[in-house]
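**Student:** Any chance you can model this:
(4 chains)
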Protein chains: 2
Amino acid sequence: MIKVMLYEDNPQLREGLTMLIEGSEGFTVLASFKNCNNVLSEVEAFKPDVILMDIDMPGVNGIEGLKLIRQHNQEVKVLMLTVFDDNKNVFEALKSGANGYVLKKTPPAKLLEYILEAASGGAPMTSSIATQVLKMFSEVQVPQGEDYNLSDREKEVLQHLVNGYSYKMIASDMFIAIDTVSSHIKKIYEKLHVNSKSEAVAKAFKDKLI
Amino acid sequence: MIKVMLYEDNPQLREGLTMLIEGSEGFTVLASFKNCNNVLSEVEAFKPDVILMDIDMPGVNGIEGLKLIRQHNQEVKVLMLTVFDDNKNVFEALKSGANGYVLKKTPPAKLLEYILEAASGGAPMTSSIATQVLKMFSEVQVPQGEDYNLSDREKEVLQHLVNGYSYKMIASDMFIAIDTVSSHIKKIYEKLHVNSKSEAVAKAFKDKLI
DNA sequence: TCTCTTTTCACATTAATATGTGATAGGAAA
DNA sequence: TTTCCTATCACATATTAATGTGAAAAGAGA
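**Tutor:** Predicted coordinates:
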């Protein structure tokens, strides 16, 4: 028996969902609320398996509610329920530890399937949400950080610069003369098109050379 | 009719998949290959709707193949196919623009459903993959980089350091004396526990102060 | 073989940085 | 009101960094 809790401000939808879930074999609704104002004590009291969480609610909304829950409870599965698949909320919810994200227009049968999937450790997502999630990943595209053709020795020196070493320290660390360090650094600056240590360090971070 | 291309090194599986897809109403296999060595010209020649791409292949593997494809073609849907749901590959594939990620143990009927879903712009994912993807999101948590209590003016100076400005440039940019810049930087070094520009810049990047 | 790149070193000079000490003024907090 | 922090500026000095010029050896590649 999967124990469900419901957070949804619309009374009709709240009733409808309750009836749907209660009327299905293997599911039960422990309680339902119209906002997350007392989410912590409620979840603590009812100990549900899955929480259906609307995002747009007056008072403490669904995302804030999720965050509150996750501060104390990593176990309970939280399935976000929303009308819109807008990017910002999706990202925020997933980042905050949601276990799934489905649209309200999901057909009843599918919704029960999603609840079951969440309860058993899956990550149910409406297709349009999954597409968005993938898009977020591909937007993380590292802009193919240029290579600048640094030689091995030059990379080594750059790494030392990033670590905040002075020429003298680099020289002693690499067992070479300070003038050699200077030579390498001249070459590095030339290749990176910079002319100071801090610019080189910044570029190393930005282009993920290190 | 959904036009599918297949990259899979195992001959049995390649044959099996071909038969499955060819034998299904509305699907056709344009061609299949055992590695991605010539993926660009092949995709260019056949213009498939969906590519089923194995990850572990000798020669150019599936992830490299995907990257190659995405350099020239953003349209074709690429569905990654693999035995393992290991974290590194999943992330790399999604980041590189995969449209879905399914395990080989997926039942045939489900696989066809996934292909269809990919073709129509969805993002099919095996449940275990979706769970992983969500986990990645919640791990993105920025570890709340320390604050160091830099004053506004100090943050401004630090930003200039990160941009590679010299004391002189900062002074002229902020309309203050170079000695004032020096004072600010002394204070910054004190607060960040460093004692050089490049260390400060590195720390700024590492702790996301800028 | 010749050329190019990398790695190494040296000497020299100017510019920039790091650091110390000290001072003034305004605003916020105790 | 006194104290603390911030922001400003000044002077001084030692260290470090940036840049130029030049050179030699080793290895890769044409």
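**Student:** Around DNA strand C, which positions in chain A sit nearby?
**Tutor:** Neighbours of DNA strand C within chain A, by C-beta under 7 Å from any atom of the strand: A:149, A:151-154, A:174, A:176-177, A:179-180, A:182-184, A:187, A:196. The C-beta positions use only the backbone N, C-alpha and C, and glycine is treated the same way.
**Student:** Tell me the one of the residues you listed nearest residue A:66?
**Tutor:** residue A:196 (45.9 Å; C-beta to C-beta).
**Student:** Just confirm the closest one contacts residue B:165, I think it does.
**Tutor:** No. At 9.0 Å, residue A:196 does not count as touching residue B:165 under the criterion of C-beta atoms under 8 Å.
**Student:** Could you list the buried residues of stretch A:185-200?
**Tutor:** A:185, A:188-189, A:191-192, A:194, A:196-200 (16 or more other C-beta atoms under 10 Å in any protein chain shown).
**Student:** Check the residues you listed and tell me the two furthest apart.
**Tutor:** A:191 and A:198 (16.6 Å).
**Student:** what about residue A:83, neighbour count?
**Tutor:** 12 (other C-beta atoms under 10 Å in any protein chain shown).
**Student:** Leaving out sequence neighbours, find the closest residue to it.
**Tutor:** Distances taken as C-beta to C-beta, 6 or more residues apart in numbering or on different chains put residue A:104 closest to residue A:83, at 5.2 Å, once the chain neighbours are dropped.
**Student:** With residue A:97 instead?
**Tutor:** Of all residues not flanking residue A:97 in the chain, residue A:70 sits nearest, at 4.4 Å (C-beta to C-beta, 6+ apart).
**Student:** Would you map the helices across chain A?
**Tutor:** Ranges of helices within chain A are A:11-22, A:39-46, A:62-72, A:87-95, A:108-119, A:127-139, A:152-162, A:167-174, A:178-192, A:197-206, based on DSSP state H.
**Student:** Give me the helices and strands touching the third one, please.
**Tutor:** What it means is helix A:62-72. Other elements packing on helix A:62-72 under the criterion 3 or more C-beta pairs under 8 Å, 6 or more residues apart in numbering or on different chains; DSSP states H and E are helix A:39-46, strand A:50-54, strand A:77-82, helix A:87-95.
**Student:** tell me the most buried of those?
**Tutor:** Among these, strand A:50-54 has the highest mean neighbour count (mean count of other C-beta atoms under 10 Å in any protein chain shown), at a mean of 27.
**Student:** Mind checking the pLDDT average for that one?
**Tutor:** The pLDDT scores in strand A:50-54 average 96.
**Student:** Any chance you could spot the residue sitting in the middle of chain A?
**Tutor:** residue A:95 (3.0 Å; C-alpha atoms, centre = their mean).
**Student:** what's near enough to touch the residue lying closest to it once chain neighbours are set aside?
**Tutor:** Spatial nearest neighbour of residue A:95, excluding adjacent residues (C-beta to C-beta, 6+ apart): residue B:137 at 5.2 Å. By C-beta atoms under 8 Å, 6 or more residues apart in numbering or on different chains, residue B:137 lies in contact with A:91, A:94-95, A:133.
**Student:** mind checking pLDDT for residue B:137?
**Tutor:** pLDDT at residue B:137 comes out at 76.
**Student:** Residue A:25 now?
**Tutor:** 94.
**Student:** Show me which residues of stretch A:2-22 are buried.
**Tutor:** A:2-9, A:14, A:17-18, A:21.
**Student:** which of those residues sit farthest apart?
**Tutor:** The distance between the two most remote of the buried residues of stretch A:2-22 (C-beta to C-beta) is 23.1 Å, for A:2 and A:9.
**Student:** For the residue lying closest to residue A:54 once chain neighbours are set aside, give me its contacts.
**Tutor:** Sequence neighbours aside, residue A:8 is the residue nearest to residue A:54 in space, at 4.4 Å (criterion: C-beta to C-beta, 6+ apart). Counting by C-beta under 8 Å, 6+ apart, residue A:8 makes contact with A:14, A:17, A:32, A:34, A:52, A:54, A:57, A:81.
**Student:** separation between the closest residue to residue A:148 other than its chain neighbours and chain B?
**Tutor:** Among residues not flanking residue A:148 along the chain, residue A:191 sits closest, at 4.8 Å (C-beta to C-beta, 6+ apart). Taking C-beta to the nearest C-beta, to the nearest Å as the measure, residue A:191 falls 16 Å from chain B.
**Student:** same question, residue A:206
**Tutor:** To chain B, residue A:206 is 8 Å away according to C-beta to the nearest C-beta.
**Student:** Could you check how far residue A:104 is from residue A:206?
**Tutor:** 42 Å (C-beta to C-beta, to the nearest Å).
**Student:** Tell me which of the two has more neighbours.
**Tutor:** More crowded of residue A:104 and residue A:206, by other C-beta under 10 Å: residue A:104, with 16 against 12.
**Student:** ok, the more buried one touching residue A:84?
**Tutor:** No. Counting by C-beta under 8 Å, residue A:84 is not a contact partner of residue A:104; they are 9.2 Å apart.
**Student:** got the contact list for stretch A:66-80?
**Tutor:** Outside stretch A:66-80, the residues that touch it by C-beta under 8 Å, 6+ apart are A:36, A:39-40, A:43-44, A:47-53, A:55, A:60, A:62, A:93, A:96-102, A:114-115, A:118-119, A:121, A:124.
**Student:** Repeat that for stretch A:36-49.
**Tutor:** When contacts are defined by C-beta under 8 Å, 6+ apart, stretch A:36-49 is touched by residues A:2-5, A:7, A:30-31, A:33, A:51, A:53, A:57, A:59-62, A:64-65, A:68-69, A:72-73, A:76-77, A:119.
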